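Chemist: can you look at this prediction? I've put the sequence above it.
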Amino acid sequence: MQLRIPLLAPASRLIAIALSLFGAGLAYAQIPNLTASTATPLPEHGHSYISARLPQGDDAVQVFGGGVSEFVNPATGSVSWRICTTPPKGRQLSIPFCFVYDFAGVHHLENNAPGNPSWNTDASYLEQGGWTYSLPELTEVTRQEVNGSYVCDYATDYMFRDSEGGRHAMGLSIFGPAPGAPANSCSQVQPAPGGVTTGGEGAILATTSEPSGSFSLQPVTVTDADGTRYIFNDPGRQALANGFTAELPDVIEDRNGNEITLTDSGSGKVTATDTVGRAAVATSGFGASAGDSVQIAGESAAYTVDWGTAASSYSVDSTSESGTCTVPGTVSGSQPVVTSIELPDGESFTFQYDATYGLLDRVTFPTGGYVRYVWGMNAAAEGGQFASTSGTCLDRYGEPAITARYVSLDGSSEVLDQSFAYATTWPSSGAAWSSNGHQSG
């Protein structure tokens, strides 16, 4: 096992939490904004991680290209895993497929009502309990502003998840009068929505259009740094709770016109047909209590995914800096999680979860070797700016983080023992820290 432990640079951030409508307690919710708490690892972008590439059978060990990869972010104490298959190559354009776990977003804050933030757990289409399939996906949220008979609908918080599991905020928003409402509805409500039909993140470009009449979601095209286009012709295909929607691309097209098509039958049953007409990836579902299967072209048998639940119940420290918002002091609930992935050869990866935080704390390999974690609280690790009835309010609060990491190659003796401690430097007021990171280990 090879480890890369780079130095960290100081950073600063302020997390702005937009108004969203959720129920009380640990609610299921898609992730509407990208923050340090919800960002997934992007190693190719120069971010600093402790990373390990672990061999799987005779496969070449390549991040996101077959094999198994682990990422630990020493700045936040988050953990991510990629267990990747090797679909056969298509003609110039191929689709990767990985089973993905990301701590980031399992527990995150959103506003329950103005000035009333609440804890939520990630639950988008093909995403729950930190787990997802690495199929590209677009999510958004639709909202409504009302002023008497004037009703304006709008969509915002567009998020693109790439085929490596990375999340990217697209910055799009569109609006229009609700069906049956006066045509000038959107100019008669407050706050009046604004439209942004071209957005993106870094080299990733996203484009859409405004509705020509009454509001409806419009097709979206996302273009990545390689010029590959992800064409979403039917936004909002998968309706989720509280106005959130999601969809997979209908077509993935490279610069030469080669295409991969995705057929989504709902409930996670998806077939990706490659450039030579093969069903390169076919999933039976996602999150089924009886288990799911994933067939990769050329494999003699399917991968089998078994599910269970992980409960969480812990206290969160918080400090109010301004306004009247209060971060809930406890996180309590449960979420579905993957308990094992059986490979086509009958061997399995198994997964265990911390009883307090409900987070992945042990990955056991088919060989019996394992990586395990100890979780604790990183006090006052984050700052949030929340919408309230009187403007905004600022709070600081803690988050779970790994405090120790152990590695065993044979399932008996542990050959690596790492400890982690954290410190956050805050100014005298405000919710933006001046430095944050791993202090020892």
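Modeler: It's in.
Chemist: next one: Trp76 from Phe103, what distance?
Modeler: Just to correct that, residue 76 is Thr rather than Trp. Distance, Thr76 to Phe103, by Cβ to Cβ, to the nearest Å: 9 Å. C-beta here means a position set from N, CA and C on the backbone, and glycine is covered the same way.
Chemist: tell me the SS of Phe386?
Modeler: strand (DSSP: H, G, I helix; E, B strand; the rest coil).
Chemist: quick one: contacts for it?
Modeler: Residues near Phe386 by Cβ atoms under 8 Å, 6 or more residues apart in numbering: Ile17, Asn111, Gly115, Pro117, Gly323, Cys325, Thr392, Cys393, Leu394, Asp395.
Chemist: now do 6 Å
Modeler: Ile17, Asn111, Pro117, Cys325, Cys393 (Cβ atoms under 6 Å, 6 or more residues apart in numbering).
Chemist: isn't the fourth one right up against Cys393?
Modeler: This points to Cys325. Yes: using Cβ atoms under 6 Å, Cys325 makes contact with Cys393 at a distance of 3.7 Å.
Chemist: wait, doesn't Gln79 sit right on Ala104?
Modeler: One correction, residue 79 is Val, not Gln. No: the pair Val79 and Ala104 does not pass the contact test of Cβ under 6 Å, sitting 9.0 Å apart.
Chemist: Thr76 and Phe103: who's more crowded?
Modeler: Legend: neighbour count by other Cβ atoms under 10 Å for Thr76 and Phe103, higher for Phe103 (27 against 23).
Chemist: show me which helix or strand of this structure is least confident by mean pLDDT.
Modeler: One helix or strand of the chain scores below all others by mean pLDDT, DSSP states H and E: strand 3-4, with a mean of 28.
Chemist: could you say which helix or strand holds the residue nearest to Trp119 when sequence neighbours are not counted?
Modeler: Spatial nearest neighbour of Trp119, chain neighbours left out: Val331 (4.7 Å); criterion: Cβ to Cβ, 6 or more residues apart in numbering. Using DSSP states H and E, Val331 sits within strand 330-342.
Chemist: neighbouring strands for that strand, and are they parallel or not?
Modeler: strand 303-315 (antiparallel), strand 348-353 (antiparallel) (DSSP bridges).
Chemist: next secondary structure after the last one?
Modeler: What that stands for is strand 348-353. Scanning forward in sequence from strand 348-353 by DSSP H and E, the next helix or strand is strand 360-364.
Chemist: which other helices and strands contact that next one?
Modeler: Counting contacts by 3 or more Cβ pairs under 6 Å, 6 or more residues apart in numbering; DSSP states H and E, strand 360-364 packs against strand 348-353, strand 370-388.
Chemist: in JSON lines, list these along with mean pLDDT.
Modeler: Listed next are the helices and strands packed on strand 360-364 as JSON lines, based on pLDDT from 0 to 100:
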{"stretch": "strand 348-353", "mean pLDDT": "97"}
{"stretch": "strand 370-388", "mean pLDDT": "87"}
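Chemist: wait, which of these is closest to Gly266?
Modeler: Set against Gly266 and scored by Cβ to Cβ, the helices and strands packed on strand 360-364 come closest in strand 348-353, at 26.1 Å.
Chemist: how many residues are close by Thr339?
Modeler: If you count neighbours by other Cβ under 10 Å, Thr339 ends up with 18.
Chemist: I'd say it and Gly308 touch.
Modeler: Yes: here Thr339 reaches Gly308: they are 4.2 Å apart, a contact under Cβ under 6 Å.
Chemist: run the chain-centre distance for stretch 136-152.
Modeler: Offset of stretch 136-152 from its chain centre (Cα atoms, centre = their mean, to the nearest Å): 22 Å.
Chemist: what residues of that stretch count as buried?
Modeler: Using 16 or more other Cβ atoms under 10 Å as the burial criterion, the residues of stretch 136-152 that qualify are 136-145, 150-152.
Chemist: and what of stretch 178-187?
Modeler: Neighbour counts using 16+ other Cβ under 10 Å place Ala178, Ala181, Ser185, Cys186 of stretch 178-187 among the buried residues.
Chemist: may I have it as PDB, with CA atoms only?
Modeler: C-alpha atoms of stretch 178-187 as PDB (Å, rounded to 0.1, in the frame of the first residue of the first chain):
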ATOM      1  CA  ALA A 178     -46.800  28.800 -12.600                       C
ATOM      2  CA  PRO A 179     -49.300  27.100 -14.900                       C
ATOM      3  CA  GLY A 180     -52.500  29.000 -14.800                       C
ATOM      4  CA  ALA A 181     -51.000  32.100 -13.100                       C
ATOM      5  CA  PRO A 182     -50.800  35.600 -14.700                       C
ATOM      6  CA  ALA A 183     -47.900  35.900 -17.300                       C
ATOM      7  CA  ASN A 184     -46.300  38.800 -15.200                       C
ATOM      8  CA  SER A 185     -46.300  36.700 -12.000                       C
ATOM      9  CA  CYS A 186     -42.500  36.600 -11.600                       C
ATOM     10  CA  SER A 187     -42.200  40.400 -11.600                       C
END
